[in-house]
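Enquirer: next one to model:
(chains A, B, C and D)
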2 protein chains.
Amino acid sequence: MDSTEAAVRLLEAAEDLFYAHGVQAVGMDAVRDRSGVSLKRLYQCFPAKNDLVEAYLLRRDERWRGSLRDFVHARGDDPLAVFAWLKNWFAEPGFRGCAFINSFGEFGEPAPGIAVAIRRHKDEVRAYLRGLVPGRGLADQLFALVEGATVLAAITGDPGEADTAREAAKVLLAAQG
Amino acid sequence: MDSTEAAVRLLEAAEDLFYAHGVQAVGMDAVRDRSGVSLKRLYQCFPAKNDLVEAYLLRRDERWRGSLRDFVHARGDDPLAVFAWLKNWFAEPGFRGCAFINSFGEFGEPAPGIAVAIRRHKDEVRAYLRGLVPGRGLADQLFALVEGATVLAAITGDPGEADTAREAAKVLLAAQG
DNA sequence: TAGAGTAGAGAACGATCATTCTCAGCGCCA
DNA sequence: TGGCGCTGAGAATGATCGTTCTCTACTCTA
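Expert: Reported below is the predicted structural model:
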């Protein structure tokens, strides 16, 4: 197993564990056990846990936005498709809210790299929505609905929060359109 | 100092510290130092840290909802006043988002009492909004906006997220009214 | 005033965990 | 073949922290 494959395995294990249990609740030993990569090599790839956390967030950001983008694009870039995608996500087994919001809650004073990763993710999602609808104001309103639905779905466990947000989005789009 | 006063001091210290730094980042020693209550008495009042966390959340829930309710009530129970209150909150020094959302992110598998406190807070806020506007659907839509604005204001540090949500709420209210 | 009970200060204990170290094995090149 | 360097396994280290324990001082009561 070369260093590249080790890094991939580590990131996959880290994403599974960190997302499911929270970053602080997962020890490096657990990452080693799940990935099958020795501690020594783990620390060669990621000199400290924070580096692994940062890489986990960056990777998740790309996968998450990529999945949303592809889904919505396949539906003609209809803004309402965003909420259909959300509902699918909320209904996935193991759904536990937004990894970035959760990490924000977890770290009162996050390491600089982690704080940047969190903010950047939100900035990129906002930018994506701004490209999807005319008007910054409208995009920002939809963004608030997306974030609110995600938080509520995580806490209540009800994927139907996506439908509520979708109805609101429909009204906002009609008013603006 | 009797036991009642000790409990109050402990709860005040716990709220300051837990909200500012996160629950896990704050040790019992820090609570003792800030409250001036000895460890022995701390453990008499709250047999375990989880009990203190639970009490902190319950207390914060009541204060938070009380403050919102009073503010909105003083403005004729205008639903839009909710967003004015939010903006004030977001602009407070030390604002760091919703304590319940943060706690949810912090604990992958929260102790039962803590999970209940988080869910109950959201249920009560939802019920409050349902009393403020006609139609469950509309109230739930506003709720999503409230939560989304709170999360985004915390991460971006921009109290203006409240204005964005307010504009959306205005459109939704007009459409329904 | 003697003694019982309680309080506070802070040390001690035990667990967890990030990080580093040890050691035995194995490939690789002279 | 022989030693050099790298590897994985897992023990060791050092720090943090929830919780409990010790000890001394003080406050009541008889």
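Enquirer: from now on I want contacts and neighbour counts done on CA atoms only, so please keep to that.
Expert: Will do.
Enquirer: give me the nearest residue to residue A:88, chain neighbours excluded.
Expert: In this structure, residue A:88 finds its nearest non-sequential neighbour in residue A:159, 7.9 Å apart by C-alpha to C-alpha, 6 or more residues apart in numbering or on different chains.
Enquirer: would you mark the buried spots in stretch A:148-156?
Expert: Across stretch A:148-156, burial judged by 16 or more other C-alpha atoms under 10 Å in any protein chain shown covers A:148-155.
Enquirer: quick check, nearest of those to residue A:140?
Expert: Nearest to residue A:140, judged by C-alpha to C-alpha, of the buried residues of stretch A:148-156 is residue A:148 at 12.2 Å.
Enquirer: does the longest helix along chain A come close to chain B?
Expert: Using DSSP state H, we find that the single longest helix of chain A is helix A:49-73. No. Using C-alpha under 8 Å from any C-alpha of the partner chain, helix A:49-73 never reaches chain B; the gap is at least 14.4 Å.
Enquirer: need the contact list for the residue nearest to residue A:88.
Expert: Shown here is residue A:159, whose contacts under the criterion C-alpha atoms under 8 Å, 6 or more residues apart in numbering or on different chains are A:87-88, A:90-91, A:153.
Enquirer: name only those of those residues that count as buried.
Expert: Buried among the contacts of residue A:159 (16+ other C-alpha under 10 Å): A:87, A:90, A:153.
Enquirer: work out for me the element the second one sits within.
Expert: Right, the one you point to is residue A:90. Using DSSP states H and E, residue A:90 falls within helix A:81-91.
Enquirer: next SSE after that helix?
Expert: Next along from helix A:81-91, by DSSP H and E: helix A:99-106.
Enquirer: please report the separation between the first and final residues of stretch A:19-27.
Expert: Start and end residues of stretch A:19-27 are separated by 13 Å (C-alpha to C-alpha, to the nearest Å).
Enquirer: list the buried residues in it.
Expert: Counting neighbours by 16+ other C-alpha under 10 Å, one finds that the buried residues in stretch A:19-27 are A:19-23, A:26.
Enquirer: closest one to residue A:59 out of these, please.
Expert: Nearest to residue A:59 out of the buried residues of stretch A:19-27 is residue A:19 (C-alpha to C-alpha; 12.3 Å).
Enquirer: the closest one: what's its closest spatial neighbour, skipping adjacent residues?
Expert: Leaving aside its sequence neighbours, residue A:19 sits nearest to residue A:99 (C-alpha to C-alpha, 6+ apart; 6.2 Å).
Enquirer: can you count the residues close to that neighbour?
Expert: By other C-alpha atoms under 10 Å in any protein chain shown, 22 other residues sit near residue A:99.
Enquirer: next one: it, what pLDDT does it get?
Expert: Looking at residue A:99, its pLDDT is 98.
Enquirer: do you know how far the residue in chain A that DNA strand C sits nearest to is from residue A:18?
Expert: With C-alpha to the nearest atom of the strand, the shortest gap between chain A and DNA strand C falls at residue A:27, namely 3.0 Å. To residue A:18, residue A:27 is 10 Å away according to C-alpha to C-alpha.
Enquirer: do the same with residue A:140
Expert: Separation of residue A:140 from residue A:18 (C-alpha to C-alpha) stands at 29 Å.
Enquirer: quick one: residue A:100 and residue A:59 touch, right?
Expert: No. Between residue A:100 and residue A:59 there is no contact under C-alpha atoms under 8 Å: 11.7 Å.
Enquirer: which non-adjacent residue is nearest residue A:150?
Expert: Once flanking residues are discounted, residue A:150 sits nearest to residue A:97: 5.9 Å by C-alpha to C-alpha, 6+ apart.
Enquirer: next, the contact list for that neighbour, please.
Expert: With contact set as C-alpha under 8 Å, 6+ apart, residue A:97 has these partners: A:90, A:150-151, A:153-155.
Enquirer: could you tell me which of the residues you listed belong to helices?
Expert: A:90, A:150-151, A:153-155.
Enquirer: compute the number of surrounding residues for residue A:81.
Expert: Neighbours of residue A:81 under the rule other C-alpha under 10 Å: 19.
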